[in-house]
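1. have a look; sequence and predicted model below, questions after that.
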Number of protein chains: 2
Amino acid sequence: MKRYEALAHEIAESIAAGQLRVGERVPSVREASRSRGVSPSTVFEAYYLLEARGLLEARPRAGYFVSAAVGRPMEPESARHAVSDHPVAISELVFQVLGHARNRTLVPMGSAFPSPALFPLPKLALATGKALRRLDPWRTVEDLSPGSAALRRQIGLRYLGMGCGVDTEELVITNGAMEALNLCLESVTQPGDLVAVESPTFYAALQALERRGLRAVEIATHPRTGIDVAALAAVLAQHPVKVCWLMPNFQNPLGSLMPDGAKQALVALLAQHQLPLIEDDVYGELYFGAHKPRPAKAWDRQGLVMHCSSFSKTLAPGYRVGWVAAGRFAREVAQRKLMSSLAAPLPSQEGLSEYLEHGGYDRHLRQLRATLARHLHVVQRAIAEHFPAGTRATQPEGGYFVWLALPPQVDALALHRLALSQDISLAPGQLFSADRRFRHHVRINFGHPDHPGFEQALKTVGTIASALKR
Amino acid sequence: MKRYEALAHEIAESIAAGQLRVGERVPSVREASRSRGVSPSTVFEAYYLLEARGLLEARPRAGYFVSAAVGRPMEPESARHAVSDHPVAISELVFQVLGHARNRTLVPMGSAFPSPALFPLPKLALATGKALRRLDPWRTVEDLSPGSAALRRQIGLRYLGMGCGVDTEELVITNGAMEALNLCLESVTQPGDLVAVESPTFYAALQALERRGLRAVEIATHPRTGIDVAALAAVLAQHPVKVCWLMPNFQNPLGSLMPDGAKQALVALLAQHQLPLIEDDVYGELYFGAHKPRPAKAWDRQGLVMHCSSFSKTLAPGYRVGWVAAGRFAREVAQRKLMSSLAAPLPSQEGLSEYLEHGGYDRHLRQLRATLARHLHVVQRAIAEHFPAGTRATQPEGGYFVWLALPPQVDALALHRLALSQDISLAPGQLFSADRRFRHHVRINFGHPDHPGFEQALKTVGTIASALKR
């Protein structure tokens, strides 16, 4: 962590702890520089960062103040758990609701993807062209599953960087994280088995369960800290769960982040039950705090955690390159990859290897994180201003989703339909559980800072929600 | 068909019918030019083509003669059918036997892939780089499943060219044909169902059945004309088959080609039983005759045929772009694609679209076909010369596999192990049926004309086989 980041982090903590209150003035750049023994430019950079994250605001000729936006909407309540005794059946609703959401004429509030303009696609194009021109033709035969050796080495280095040693032998390159997650699921379940997921959970996880004829037990969560490990332990004691599929970092849709202690407790629980975990960590790089959060995998000593991620949300949408560090299940997963789609595409893998080695991925990520954090602030302010009283919103520390609990009278499917008539897409809460219970919730994608109509669209959705409340 | 191709075809037919015999002299270029009213260069091109295919040989100052190589080894006998009442379990053997076959230090006689040197990879690299540099970023969101609209249009044009109208709406782009085949299988079966395949059949088809917990009924084939439609009809009358998975064009491993009449009868039988067909047609472009063989799909009026193919064997290995024209199952297949791996890679799709539009795919294919046909001739001669008496070999009219029936004393797994000790890979017959019954058969890949040690390796394998026969 750079010096200015450390300082920003410290101030953010003081604000979170209430030591610095909304509207209060923070020390001037000169004062802080003197009192902390750092250069004025370090202080300035820290304040600038906190301003970008919506925690401070600069008032001309008066200095920096704790932003009013810190008084964001209240968080939603914790969600309870639910066990299903029949296979999941949610797909038809998902396809119905999201079928047209990819149309670029819509305001993409319901999209699962951030704006494609956030990614260094021209640089990736150059890297891919360059790598392919010097490709040894025999690599097209040798680099089948588990994937390009060069790319696996680059991915292995990133694991090292986050303090999580991963053997490149356990890495399998896949067609995006989606394939990795599905292959893991296939490797450890039989149709009819019970799988523990979060409540709410990403609809694509539910679809994967449905595709394999599995049942879901949806575990209670807290909107800021994610899955309730004690609740999971209670479920495991009563139900024959075969595998957990969880998102400890910036869960979709909550944006919640499990604290390290909870991750550690989770991994201990897995070890106790010898239960595998499919860890979906596609948003881990998109943290707004000072540190990249570690995956649960970092505490796993038994090879039970299959850690899945991709470059689709952080660098290269459309390249379809994901991977899994599959622990003791690596051979099984690699074989299923060979049997289901043989290998991941070489052009994408080569382009990414080349970019990761020379392209400045970390610089790109810093910019991306700052951009997303800044836009979260805009979106939170708009929600506070335009949505009906009683609306609660999660306060994510990463990713690009906010989860809203609207007043109970507002049916999210009705809201979705009315928003669509105004050319705005929304992801209604009903998609995020097998029993469709989040009826007055919606997921908002704030990963489109470049969209000119985004704030206006939030106002429109807020107005519709207010009307539905009556 | 060009004029010289028509002439070559006519002469080939005369040879096949026995009107021209081995060793017989064909008319001189000047005579043939006069008698047929074509230019001498047309005759010369025709003779050159026939020489390349091993049907004629030029003798200095004497003219062209019907090649001795026309007297190739006899064909193997037809294979009978077998129904299994338990799920397929072949994968472990396949992984054991072929696990190391991708190593470039081996003579790749057991490989499933042709030599990567046969493909225009540098041209594809340029096309991919160019297409990616001008990529509209929003395409990364909009061109998810069913795939790039531009590529689907190009593929649609190729269907038109072979007299098989396909609606681009029924096309789904996949990660190679392997994923297409698996998605089709998943769309029309439940675990435990019975699937009709050829006997012998490609081991990856058996692995796909195993992955889904399916049972196989293996239908009798003829080594030149493929599946016996009457035998299939008899099986359908007795067994509750849910879907057929067949390779009418240049079957793997036989290299057999179903005549048009048999394809028509097959499609009529499907219609009668309202039975879907998964048509694996990855070798259709690699024909040595005058015309591209049409797929069974060309006769299908009911949307029952899911026609799967790819560019992996004909143009772009490693790019992992395949597709299916899925008829009435198109929506189901597209949804399963979305649920299992979201979308095919954009860099590969863009590069292929660009190449197909401007790169000269048909010119490349003409060269590739001539090269493979020429090498088949070399391989057939070497087999006749070096393999033990009683060896029979298929006479494929396309693709790059020859299927050998060795004398019954020769165990193909033993042959495989001994060949491997001489750095030669082989695909033993046991991999090509659920009950491992092709014990004295091997599949030889002749798609490596550039390999310097290939003929010597054939001699080595022949010598080992002769030793095992004793």
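-> Good, I have the coordinates.
2. quick check: residues of the stretch 351-470 of chain A near chain B?
-> Within the stretch 351-470 of chain A, the residues that sit near chain B (Cβ under 8 Å from any Cβ of the partner chain) are A:Gly351. Using the backbone N, CA and C atoms, a C-beta is placed for each residue, glycine as well.
3. chain neighbours aside, what residue packs nearest to whichever residue of the stretch 351-470 of chain A sits closest to chain B?
-> Proximity of the stretch 351-470 of chain A to chain B (Cβ to the nearest Cβ) peaks at A:Gly351, 6.3 Å away. Nearest residue to A:Gly351 in three dimensions, chain neighbours excluded: A:Thr128, at 2.9 Å (Cβ to Cβ, 6 or more residues apart in numbering or on different chains).
4. got a list of contacts for the helix or strand where that neighbour lies?
-> Assigned by DSSP states H and E, A:Thr128 belongs to helix A:121-133. Defining contact as Cβ atoms under 8 Å, 6 or more residues apart in numbering or on different chains, one finds that helix A:121-133 is touched by A:315-316, A:319, A:347-348, A:350-355, A:358-359, B:121-122, B:124-126, B:128-130, B:132-133, B:135, B:137, B:140, B:347.
5. tally of neighbours for the residue in the stretch 51-200 of chain A that chain B sits nearest to?
-> Residue nearest to chain B within the stretch 51-200 of chain A (Cβ to the nearest Cβ): A:Gly129, separated by 2.4 Å. The number of residues packed near A:Gly129 is 24, by other Cβ atoms under 10 Å in any protein chain shown.
6. and it, what pLDDT?
-> We have a pLDDT of 96 for A:Gly129.
7. equivalent analysis for the one 3 residues further on, please.
-> The confidence metric pLDDT takes the value 96 at A:Leu132.
8. leaving out sequence neighbours, find the closest residue to it.
-> Distances taken as Cβ to Cβ, 6+ apart place B:Ala125 nearest to A:Leu132, at 3.6 Å, with adjacent residues excluded.
9. relative to A:Arg152, how far out is the one you found?
-> Here the criterion is Cβ to Cβ, to the nearest Å. By it, B:Ala125 lies 22 Å from A:Arg152.
10. the stretch 301-450 of chain A: helices as residue ranges?
-> For the stretch 301-450 of chain A, applying DSSP state H, counting those that start in this stretch gives helices covering A:330-341, A:346-358, A:361-386, A:412-421.
11. got any ranges where chain A has weak pLDDT?
-> Low-confidence segments of chain A (pLDDT under 70): A:16-18, A:53-54, A:68-74, A:100-101.
12. beta-bridge partners for the residue lying closest to A:Gly284 once chain neighbours are set aside, please?
-> With sequence-adjacent residues excluded and distances taken as Cβ to Cβ, 6+ apart, A:Gly284 is closest to A:Asn249, at 4.2 Å. Beta-bridge partners recorded for A:Asn249 (DSSP bridges): A:Leu257.
13. do you know how far A:Leu365 is from A:Gly398?
-> Using Cβ to Cβ, one gets 12 Å for the distance from A:Leu365 to A:Gly398.
14. more neighbours: which of the two?
-> Just comparing A:Leu365 and A:Gly398: by other Cβ under 10 Å the higher neighbour count belongs to A:Gly398, 24 against 16.
15. OK, contacts around that one?
-> Residues near A:Gly398 by Cβ under 8 Å, 6+ apart: A:249-250, A:255, A:257, A:283-284, A:286-289, A:293, A:369.
16. neighbours of the residue nearest to A:Leu132, how many?
-> Neighbours of B:Ala125 (other Cβ under 10 Å): 22.
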